[in-house]
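K.L.:
model this:
(one chain, ligands or ions: 1)
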Amino acid sequence: MSDQYVKVQVEQMKSFGEDEEKEGVDTEEQVPGSSPSASVSPDHPTGTDASSTSLPCKQTGKSRSKPGREDRRHTSDVASQGSVVSSEKNLNRLGYERTLQVKGTGKILQRKSEPNGNYVTIHTSKDIEEMRREEGFKLAKKRRPVTVDTSKAKTSLEALKISIKQLKWKEFPLGRRTACDIYWHGVSFHDNENIISGQVNKFPGMIEMLRKINLSRAVRTMQELFPEEYDFYPRSWILPEEYQQFTTQIHMVKEKDATVNHTFIVKPDGGSQGDGIYLIRDPSDLKLMTGSQAKQGVVQEYIQKPLLIDKLKFDIRLYVLIKSLEPLEIYIAKEGLTRFCTEPYQEPSQKNLSHVFMHLTNYSLNVHSGNFVHSDSQSTGSKRTLSSVLYRLAAKGVDIKRVWSDIIALVIKTVIAVVPELRVYYQADIPPGKPGPTCFQILGFDILLMKNLKPVLLEVNSNPSMRIEHEQEVAPGVFEYVPSPVDEEVKVGVIRDTLRLMDPGHKKPTVPQQRAGGFEQGEEIPMEEETQEKSQDETGTLPSLCLKQVYPKYFKQFNYLRLVERIAALFIRFLGVKGNMRLGPTAFRTFIRTCKLSGSNFTMASVDILYIDITRRWSGATPDSREAGMGLQAFVEAFFYLAARRFKSLALREQVVSLLELCESQLGPQSGVEERRSLSCSRALPRTVKTQTPCLANPQLSSPAPLRRAASQDYRHQRFKPRSLRANVEN
Ligand code: ADP
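P.N.:
A predicted model of the protein is given here:
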């Protein structure tokens, strides 16, 4: 053993001892020199596990007294650590031995012959002890449990505890004086302040980005650029600012065809669990207040023909993990939940508009209906697993591979729509080059299948409920939380496997992994490629991962959509002082000058007017922003305007691409920005751009997106009103 090696061991010993002292590390982690000598553990379950009979002697500490699965894991783990002790144990059985004196060292080496004629070295007890210590260090190093601060986990705590236990990680329910590897927050990134290392399960700004108005805005920007690709989101108007557009449009449609009778769903911006949601058939039914009372929200095209099962409307709750923003990594849980209405569905009519148990699938509403069915089975009742529903559909001849592939596409596209603004939040809270944690987040996608099997995005929850109990009426009017097997099955899997993926011991890919021979734009995504993630559990005691990577796996297919992200990269570049989220007038001027966008027909005075006009209109639209100035959404609008001015003859998408290329060529490469080549959108160019978003169900309605753009270019809009923060969103 070299001096250097001894030194490393001492260091390790020190650090383990320190940890143990401070935090009460499991005895499994202790310096193993004091571990019991190698022998068959009397506590060990006998006869069932082959590995336990052949290699029982490395059982140490606590794990010896733990029966069953844990023991098996431990034993097989140890089995892979080496053969020294097994040789010692088998010594008598294998017979012939030789003893050798090693010249000059005074060491005695024993060798034995095996039936196959090979010699195996048998070490003296002194040697064994030394080697065991060495093995122990390696083992302890390998097994140093990942630490999780669960002090802010709130309603996810139960599922989180189970997950941590299954992984044999270490929970800190009251927080920890020293840093943890993972911080599990119940609401937002800021639940714990001053975290400077590790990983937090929330991104800064995610709550804000996924509120109904912001999500609608982000998707709408994408609809302007890629109308066909983003036709999975129902047409939405932002209230109150687009009320006029909404009414004008509906009246125009009715004038054209009096028989048309659309239904709309009105959702408050900060709402959740179906709160404040109602259906209308005429704009005059909007409960719109004015002034400071004005209700912020969206009014959305109502999907009138959903797919029904057992005559009931249902929606899908899909769990999606954003593992990292840069590079973008997205995983989808293979298993999700479906939530059923509790009153048979009928297409909306004036009579049934207020029947919430018929039209709204929210669990939190339907659980209060007398028809709600709690079931221990995953394929019956008012809450079922997604797989049970898909199997049922498959049995009816539905092409569920196509459905799944469409769902994956919807998820990736939605994430691509919100990532640009998330990046702005991220750099403000965790400036590059400064110490800070990294982030990941589980999102809850609510998806409705239309009768024609097209998936439609209803909303994305930044804090999906991870409760594994459900409310049950135990006596008339008395509700209690009781364990819910369906929730436990799905949610524990999602949390545990998220943790597995975030295990700091696992290497993170640093560059987007291009799938060899990747899928091209428009190609169908295959349903499953099971083999990919199977190897994640080294011990073999955990099931294969229930989370499937979809990005960068399908990088080639979706990368061309990441145009706004490139605009965001420019925006961030000119933000200047780290921590900013808005561009000041000088920074905007610098952007124009550096990218050489001004000239004789676009003077710096016009630039200033553009800045003032757009910024004024958008001010107040993002109440949580920390300073005055031009936010990303306003910058994107300015960018579209500049692109339209410069490349008049092109369609919007080509205009934007051309301006981006121009700006990027002026600026040259920038470190820290994901490989620009990887964000290239050259494949976006040949497509014909439609200026109207294709509608989901009502072809007569045109998208408000081009309207907004038209309006945005005459700068006569009213001011946007601030919105309130939505905190914790449950089902
Ligand atoms: P919340 O955050 O309050 O749950 P959602 O947007 O999820 O708001 O809407 C609540 C429910 O209303 C959904 O679960 C779904 O059943 C129904 N719903 C929402 N939007 C639509 C729509 N555009 N078409 C049909 N049904 C919808």
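K.L.:
CA atoms for contacts and neighbours, from now on please.
P.N.:
Fine.
K.L.:
what's in contact with the helix or strand hosting residue 449?
P.N.:
Following DSSP states H and E, one finds residue 449 within strand 441-449. Residues from elsewhere that reach strand 441-449 (Cα atoms under 8 Å, 6 or more residues apart in numbering): 201-203, 306-307, 314-323, 411, 455-464.
K.L.:
parallel or antiparallel, list what pairs with the next helix or strand after it.
P.N.:
Moving toward the C-terminus from strand 441-449, the next helix or strand (DSSP H and E) is strand 455-461. If you go by DSSP bridges, strand 455-461 pairs up with strand 441-449 (antiparallel).
K.L.:
got the buried residues for the partner strand?
P.N.:
Residues of strand 441-449 classed as buried by neighbour count (16 or more other Cα atoms under 10 Å): 441-449.
K.L.:
and the residues you listed, which is closest to the ligand?
P.N.:
The nearest member of the buried residues of strand 441-449 to the ligand, counting by Cα to the nearest ligand atom, is residue 446 at 6.3 Å.
K.L.:
partner residues bridging the closest one?
P.N.:
Counting by DSSP bridges, residue 446 forms beta bridges with residue 317, residue 459.
K.L.:
repeat that for residue 583.
P.N.:
Bridge pairing for residue 583 - DSSP bridges - gives residue 630.
K.L.:
now the residue of the stretch 101-250 of the chain found nearest the ligand: how far from residue 302?
P.N.:
In the stretch 101-250 of the chain, the residue that lies nearest the ligand is residue 234 (5.7 Å; Cα to the nearest ligand atom). Per Cα to Cα, to the nearest Å, residue 234 is found 7 Å from residue 302.
K.L.:
cool, residue 251 as well?
P.N.:
17 Å.
K.L.:
quick one: which of the two has more around it?
P.N.:
Counted by other Cα atoms under 10 Å, residue 251 and residue 302 do not tie: residue 302 has more neighbours, with 23 against 15.
K.L.:
just list the residues touching the more buried one, thanks.
P.N.:
Here residue 302 is in contact with 234, 262-265 (Cα under 8 Å, 6+ apart).
K.L.:
tell me the phi and psi of the residue lying closest to it once chain neighbours are set aside?
P.N.:
The shortest distance from residue 302 to any non-neighbouring residue, by Cα to Cα, 6 or more residues apart in numbering, is to residue 264 (4.7 Å). Main-chain torsions, residue 264, degrees, to the nearest 10: phi -130, psi 150.
K.L.:
who's residue 264 bridged to?
P.N.:
Taking DSSP bridges as the rule, residue 264 bridges to residue 280, residue 301.
K.L.:
again with the one 4 residues further on
P.N.:
Residues in a beta bridge with residue 268, per DSSP bridges, are residue 297.
K.L.:
that one against residue 274, yeah?
P.N.:
No - look at residue 268 against residue 274 with Cα atoms under 8 Å: they stay out of range, at 9.3 Å.
K.L.:
mind checking how far residue 231 is from residue 223?
P.N.:
To residue 223, residue 231 is 7 Å away according to Cα to Cα.
K.L.:
settle it for me: which of these two has more neighbours?
P.N.:
residue 223 (26 against 21).
K.L.:
isn't there a helix covering that one?
P.N.:
Yes - if the criterion is DSSP: H, G, I helix; E, B strand; the rest coil, then residue 223 is within a helix.
K.L.:
my read: it touches residue 230, true?
P.N.:
Yes - contact criterion Cα under 8 Å: residue 223 and residue 230 qualify, at 5.3 Å.
K.L.:
what's the farthest-apart pair in the buried residues of strand 441-449?
P.N.:
Farthest pair in the buried residues of strand 441-449 (Cα to Cα) is 441 and 449. Separation: 24.8 Å.
K.L.:
point out where the stretch 51-200 of the chain drops to low pLDDT.
P.N.:
Along the stretch 51-200 of the chain, the parts satisfying pLDDT under 70 run over 51-143.
K.L.:
would you mind listing what in it touches the ligand?
P.N.:
Proximity of the stretch 51-200 of the chain to the ligand, by Cα under 6 Å from any ligand atom, involves no residues.
K.L.:
re earlier: and the residue nearest to residue 302, how many neighbours?
P.N.:
Count around residue 264 with other Cα under 10 Å applied: 23.
K.L.:
so how far is residue 564 from residue 649?
P.N.:
As judged by Cα to Cα, residue 649 and residue 564 stand 21 Å apart.
K.L.:
same check on residue 489?
P.N.:
37 Å.
K.L.:
and if you look at residue 191?
P.N.:
In terms of Cα to Cα, residue 191 sits 29 Å off from residue 564.
K.L.:
comparing these two, which residue is more hemmed in?
P.N.:
Shown here are residue 191 and residue 564; by other Cα under 10 Å, residue 564 has more neighbours (26 against 16).
K.L.:
who does the longest helix belonging to the chain touch, helix- and strand-wise?
P.N.:
When the chain is scanned for its longest helix (criterion: DSSP state H), the result is helix 400-429. If you count contacts as 3 or more Cα pairs under 8 Å, 6 or more residues apart in numbering; DSSP states H and E, helix 400-429 packs onto helix 206-210, helix 212-225, helix 386-395, strand 455-461, strand 547-551, helix 563-575.
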